[in-house]
Structures are given as C-alpha cells and as structure tokens.
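In: fold the following and give me the result.
(2 chains, ligands or ions: 2)
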Amino acid sequence: MPNKILGILEQREGKLKKVSFEVLSVVSNLASRLNLEPEAIIVGNEIENLDEALNYGVGKIFHLKNENLANYSPSGYADVISEQAKELNTNYLVFPNTALGRDLAPRISVRLNGGCIVDCISYEISNGEVIATRPVYAGKALIDVKLKSDIKIITIRPNVFKPQKKEKSSTASIIVKDIQSPNLKTRTIEIKKSEGKLDVAEADIIVSGGRGLKGPENFYLVENLAESLGAAVGASRAVVDAGWRPHNEQVGQTGKTVSPSLYIACGISGAIQHLAGMSSSKYIVAINKDKEAPIFNIADYGIAGDVLEILPKLTEEIKQIKS
Amino acid sequence: MNIAVCVSHVPDTATRIVIGKDEKSIDQSGVTYIINPYDEFAVEEALKTKEQFGGEVVVISVGSDSSKETIRKALAMGADRGILLKDDSPRDSFSVAKALADEIKNQNCELVFMGKQSVDFDNSITGQITSELLGYSCITIVVDLKIENNKIIAEREIEGGKEVVESELPAVITAQKGLNEPRYASLKGIMAAKKKVIEEKPALQVDNLTEILKMKKPAPKSPGRILGSDSTAVSELVKLLHEEAKVI
Ligand SMILES: Cc1cc2nc3c(=O)[nH]c(=O)nc-3n(C[C@H](O)[C@H](O)[C@H](O)COP(=O)(O)OP(=O)(O)OC[C@H]3O[C@@H](n4cnc5c(N)ncnc54)[C@H](O)[C@@H]3O)c2cc1C
Ligand SMILES: Nc1ncnc2c1ncn2[C@@H]1O[C@H](COP(=O)(O)O)[C@@H](O)[C@H]1O
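Out: Ligands and ions are numbered 1, 2, ... in the order given. Down below sits the predicted model:
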C-alpha cells in the first residue's frame, strides 16, 4: 500500500475557502509524483460546498465534525488533526499558509515529530524528495529547503498554485467523523469582521494608497477605484502610521505580504519595506508624480502624474469597460 | 508573575540583501542588526503585564554574542535581566524553539511573549512550537490582550477581521503590530541596562529539521513602461490591463 499525503482544508462560516482547492491540487500533484495516496481533512460543522472538493483528484476526505469546531480552536483543531493524521499513518501534510494554517502547521509538526516548511511558492522533486522554494527576508531572497524529518509538513502560499479539477477518483468520498467533546482550552468566542470589506491578504486585485494621496479625505478615490474593480484597499505604512488608514490594510514587511494578479500603487514611493510585501504581484501598476520614484523599477505599467487627477478618470474608464 | 520575552537579532529591514559566497546565507558585510520589530511589541506587552501584576521580565535570545545588543535593547526598555543561549551556528525554528522551551522551563515562566514573526526568515512558527513543547496555550498574531486571574482574552488578526480567543495560563502570546506602542528606551533606561545581568549559557544542542540547500535572488522583474504623465495615459493603461495583461 502506498504511503499517504494529507491536505488540510480550511472553511470559514461553513464554506470551503478557495485556498482549499489549491491545497487539494498540490496534494494531488505531489501524490502522483511521489507515488502517495492523496487524502484530505477538513474540520468544521456543516460545510455547504464540501462535495466540490471531490473534483480535485483526492480520494477520501475526512470531515471531522462538531458544532464547537465550526470556528477555529487551536487546541481543538490541533488535537483532532494530529490524531487523524496518526491514524492514517501519513508521511506528508499540506496546509494553506493562512492565519489558520500557519497557526496550526507548527503545532501539528511537534505532535507528529516532523519538520515544517512554511510559505512555499513552488517545489520540485529531487531523488524522491520535495525541495520547496520559499521567500525569506520579506521576498528579497528565496531559499530552496528540504525536510530532514520522516514526517514532512509544508504550508503553501495562497493564490500561487492554481486549483486544477481532475476526474473524480473511484475512491473519492467524504467520511464524516463526529468528534466527541473536543479540547476547547483555547477557542474562538467571537469573530469581528472588518466592515464587510475584502482583505488584502485574500484579494485578487489590490489598490493601495500612500502619502501621495495628501490626506485621508482623498482616500475615497482609492476606494472608488477598488470598488470598480472588485478589489481590496491597501495602504503604505506611512499612511497607517499617520492614522489615515487602519493597520489591517498595511502592505509590506511589517504589514501583509500579498501576491494578487494586479496591484495598483497610488502615490506610493516604493520603499524597500513596501516592495517587500508586494513585489511578487503578477502585474504592478504605479501612479506617482515623480518619475524617478523606485516603485517604477518594479511596475509593469506606470503613469508619472498626479493621482488626484488620474484616479477619477481611471475609475470611470474601468466602469465603462466593465459595463 | 514570571514573564519571559524572546527576542531575535535580525538585519535592519532596509538592508539590501546580497547572497553570500556559500549560496546558503546572506553576505554579512555592511549589514546592521536590530531587535526584530515585532519583538518590541512583545517586550512592551511583557513590561505592561509586569506593571499590572508584578513579577519579573526575563529576556531570552538564542544566537551568537552579537545578540547581546538586542537583549540590551530590551533591558533598556525596562526588562529585568537577560539570558543569551549561545550558539554560533545557524538554527531553524525547531531548534531555536527547543532551546527556548528548555530555558523557559528552567526559569519557571508562566507567560511568554514573542513576536509574530522574525523579519529574517519570516517563519512565524517559533511561538507555536515552543508552546507545544511546554504544553502551554498559544495565541498568535495578537493585537489586543487582557489577562484576568488565569484567563486570557485576546484578539488575533485573521484574513478579513479578528478572532476573539479565550484561553488560560500558562501561555505563549505572539505580538502583532497594533498590540501596543513600544516605549522608547530613556537615557536612564540605557544607563541602567548597562548594569543589568546578561547570563550566558550554551543553547540546548539539537538537530535542525530543515536544511537550506540554496539561497538565491528572485528573478528580476523586467522594467516596465511609463505610459504618460497625465490622464490622457489612462485609456492606454486600461487597454493594456484588459488586452495584454488580461487582469481586468
Ligand atoms: C522597520 C520598518 C518597517 C517598515 N515596514 C513597512 C511596511 O510594512 N509597509 C510600508 O509601506 N512601509 C514600511 N516601512 C516604511 C517605508 O520605509 C516607507 O517610509 C513607506 O513605505 C513610505 O510610504 P509612502 O510611499 O506612502 O510615502 P512616501 O515615501 O512619502 O511617498 C509618497 C510618494 O507619493 C508621491 N506623490 C506625492 N504627491 C503625489 C501626487 N499628487 N500624485 C502622485 N504621486 C504623488 C511622491 O512622489 C512619493 O513618491 C517600514 C519602515 C521601517 C523602518
Ligand atoms: N533566535 C531566537 N532567539 C529568541 N527568540 C527567537 C529567536 N528566533 C525567533 N524568536 C522568537 O520567535 C518569534 C517568531 O520568529 P519566527 O518563527 O522565526 O518567525 C520572534 O519574533 C521571536 O520572539
């Protein structure tokens, strides 16, 4: 019997997150290249779109179910996942590199006596082993790393690996396991959502504003452009420190690291700490009145002009093309 | 309350990274080191907790002699004493955490503060590993913290919002920006820190579980195009995004 690789899926409010399909695709790909049996675990209560997970080339999906595990509990999730992984005798585990995955993966590593590589953005197989590539020094360098432990755990950066549907495998099925009295020593008692807005860490398009906006009263220009694109609003540290924008919008070395398909930097100079958080974006647009600003060195397209003048026009044209 | 705060000594965030000759680490020439920015939030929270409950704040770092500068910085902010767990060779998060857990046990600390992430290798896992090794609770990426009796209520940042998490002591808390405003080290604090003790002992010897095979620079981005300098360039930009990049 081949050895196993397990994907750990993530749900929020009873719905699988997009990154779960990315995890399944990586698991399926690694399984075929390393001759492993691909399976998955999801912890939660009712999950409406769990059936969809069967279309990504993975066999059994274990749904570890309990109403008190609908929201994240570090102690509860770590217990049930590590027990299930031990029971399945798995060799590899793949987690999403999200707030949840990054919190859990190292805990599970200790319990399974394995090592863990976080934030993997690509990998190759060499002599039957996974060599993972991940950014370090905020993306200013990359390292190729391997695990020396028997049990190997990696977390994958969201939005990097494309979800790939496969023909349903003959063993594909969901196995529900009801969990009795989970360990709720550490548990979520409330989730405070940031006013229905899209988070930069999850967005496919981000419009960010910097000090070039001149004041918080002009940020509606960034918000309007974001809205026309279905994008999240980001910010430089300078404007977060000035209190113009909340910290959860800060992109950069001490903010969030993002890799959207499109990043539009408005009135941002492109300091090294800002670039560190967004330089792996697929396409970068810069709008800055100083054509020598370092942001232009990494931008695909730029306009060397006044954001206050350009943003309304850009929003208008995007609306037109979308309609 | 015995409180530990773990600090790492990292290259300044403005450092231009040059790959070293071994192709496995960075070239150290001209690199200045600082206290890991997130660890300043950890130190501040440790000091605030001591002010509330009394006790002692001990600063622990795993690294070479130069890490003493970072310990000294935390002492200047107000921590009571320091411990350098000495090791000159590179360690991964697992072997750092094992050395830290071992010493935290020795020091009998029931509350441990760390940063959410070290800005060198950006692992963001040392706190969780340490807590597992100690059998402590652990709440990561914390932006708000309340401790009452043995109970902890913390807010942690997640995608699109915050989770309010409840747990118990003993615990490891990893600090995110927003938790507090780190105090500046006063001149008096800096002078006082010179007299505070930094105990030095060898770090627990354990094997790394990961191995770096190669360090490299990311492929350089080909320089882009400046399309114009006023709003007349907007139409072309939208066209390129739609037809060439196909991202809108
Ligand atoms: C430890 C540390 C960590 C840091 N972490 C981060 C981080 O995570 N994220 C981050 O962003 N920064 C970070 N920084 C700060 C960083 O160094 C910069 O100070 C910051 O990114 C600058 O923000 P900015 O581009 O908005 O402002 P500025 O650098 O002031 O740039 C404003 C730009 O707007 C342009 N401009 C002005 N008016 C107009 C106009 N009318 N139209 C168009 N353009 C205009 C100017 O030409 C200029 O280029 C960090 C710094 C340190 C020391
Ligand atoms: N060598 C070290 N010595 C002491 N504490 C450390 C060390 N490395 C990491 N830490 C702590 O662990 C946190 C997270 O680091 P990391 O998991 O490496 O990103 C840091 O903010 C520090 O509080």
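
In: and the strands in chain B?
Out: B:2-6, B:9-11, B:33-35, B:56-63, B:81-86, B:111-115, B:137-148, B:151-158, B:161-168, B:171-175, B:198-202, B:210-216, B:225-228 (DSSP state E).

In: out of those, nearest to ligand 1?
Out: strand B:33-35 (7.7 Å; Cβ to the nearest ligand atom). Yep, even glycine has a C-beta here, placed from its N, CA and C like the rest.

In: is any residue of that closest one near chain A?
Out: No. Legend: contact between strand B:33-35 and chain A by Cβ under 8 Å from any Cβ of the partner chain is lacking; minimum distance shown is 12.2 Å.

In: contact partners of that strand?
Out: With Cβ atoms under 8 Å, 6 or more residues apart in numbering or on different chains as the test, strand B:33-35 has contacts from B:7-13, B:43, B:66, B:69-70, B:73-74.

In: only whichever of those residues are buried, select them in PyMOL.
Out: Listed next is the PyMOL selection for buried residues among the contacts of strand B:33-35, using 16 or more other Cβ atoms under 10 Å in any protein chain shown:
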select buried, chain B and resi 7+8+9+10+11+13+43+70+73+74
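
In: which one of the contacts of strand B:33-35 sits closest to A:S280?
Out: Each of these was checked against A:S280 using Cβ to Cβ; the closest is B:T13, at 17.2 Å.

In: would you turn the strands of chain B into TSV with mean pLDDT?
Out: Below are the strands of chain B laid out as TSV (pLDDT from 0 to 100):
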stretch	mean pLDDT
strand B:2-6	98
strand B:9-11	98
strand B:33-35	97
strand B:56-63	98
strand B:81-86	98
strand B:111-115	98
strand B:137-148	98
strand B:151-158	97
strand B:161-168	97
strand B:171-175	98
strand B:198-202	98
strand B:210-216	98
strand B:225-228	95
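
In: tabulate those in TSV, adding columns for distance to ligand 2.
Out: Shown next, in TSV, are the strands of chain B (distance: least, Cβ to the nearest ligand atom, whole Å):
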stretch	distance to ligand 2
strand B:2-6	3
strand B:9-11	7
strand B:33-35	10
strand B:56-63	4
strand B:81-86	7
strand B:111-115	2
strand B:137-148	9
strand B:151-158	15
strand B:161-168	18
strand B:171-175	6
strand B:198-202	13
strand B:210-216	12
strand B:225-228	37
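
In: show me how far stretch A:194-210 is from its chain's centre.
Out: Counting by Cα atoms, centre = their mean, to the nearest Å, stretch A:194-210 is centred 13 Å from the centre of its parent chain.

In: that stretch vs ligand 1: in contact?
Out: Yes. Judged by Cβ under 6 Å from any ligand atom, stretch A:194-210 and ligand 1 are in contact via A:G210.

In: so for that stretch, mean pLDDT?
Out: Mean pLDDT, computed over stretch A:194-210, is 89.

In: and A:P260, how many neighbours?
Out: By the criterion of other Cβ atoms under 10 Å in any protein chain shown, A:P260 has 25 neighbours.

In: same question, A:E167
Out: For A:E167, the neighbour count with other Cβ under 10 Å is 8.

In: quick check: A:V27 vs ligand 2, distance?
Out: Remark: distance between A:V27 and ligand 2 (Cβ to the nearest ligand atom, to the nearest Å) = 25 Å.

In: ramachandran angles for A:A299?
Out: When quoted as degrees, to the nearest 10, the phi and psi of A:A299 stand at phi -80, psi 140.

In: that one against A:I284, yeah?
Out: Yes. The pair A:A299 / A:I284 is scored as a contact, 4.7 Å apart, by Cβ atoms under 8 Å.

In: need the overlap of contacts for these two.
Out: Joint contacts of A:A299 and A:I284 (Cβ under 8 Å, 6+ apart) are A:265, B:224.

In: show me the helices in the stretch 101-250 of chain A, by range?
Out: For the stretch 101-250 of chain A, the helices defined by DSSP state H, counting those that start in this stretch occupy A:220-229, A:237-241.

In: on the three-state scheme, the residue of the stretch 201-323 of chain A found nearest ligand 2 is what?
Out: Nearest residue of the stretch 201-323 of chain A to ligand 2: A:T254, at 11.7 Å (Cβ to the nearest ligand atom). Using DSSP: H, G, I helix; E, B strand; the rest coil, the structure places A:T254 in coil.

In: hmm, back to that, which one of the helices of the stretch 101-250 of chain A lies closest to B:A193?
Out: Of all the helices of the stretch 101-250 of chain A, helix A:237-241 comes closest under Cβ to Cβ, at 26.7 Å.

In: residue contacts, whatever residue of chain B ends up closest to chain A?
Out: Nearest residue of chain B to chain A: B:L209, at 3.0 Å (Cβ to the nearest Cβ). Applying Cβ under 8 Å, 6+ apart, we find B:L209 in contact with A:109, A:114-116, A:147-149, B:92, B:94-95.

In: most surrounded residue in those residues?
Out: Most neighbours among the contacts of B:L209, by other Cβ under 10 Å: A:C116, with 30 neighbours.

In: distance check, it against ligand 2.
Out: 10 Å.

In: does that residue touch A:I154 like I think?
Out: Yes. Between A:C116 and A:I154 there is a contact under Cβ under 8 Å: 7.1 Å.

In: tell me the domain ranges of chain A?
Out: Chain A breaks down into these structural domains: A:4-178, A:205-322 (assignment by automatic domain parsing).

In: what about the closest residue to B:G78 other than its chain neighbours, how many neighbours?
Out: Nearest residue to B:G78 in three dimensions, chain neighbours excluded: B:L47, at 4.9 Å (Cβ to Cβ, 6 or more residues apart in numbering or on different chains). Under the neighbour criterion other Cβ under 10 Å, B:L47 is assigned a count of 22.

In: now for the residue in chain B that ligand 1 sits nearest to: which residues touch it?
Out: Residue of chain B nearest ligand 1, by Cβ to the nearest ligand atom: B:T13 (4.0 Å). B:T13 makes contact with A:138, A:253-254, A:272-273, A:276, B:34, B:37, B:119, according to Cβ under 8 Å, 6+ apart.

In: cool, and B:K68?
Out: Going by Cβ under 8 Å, 6+ apart, B:K68 touches B:61, B:82, B:84, B:198.
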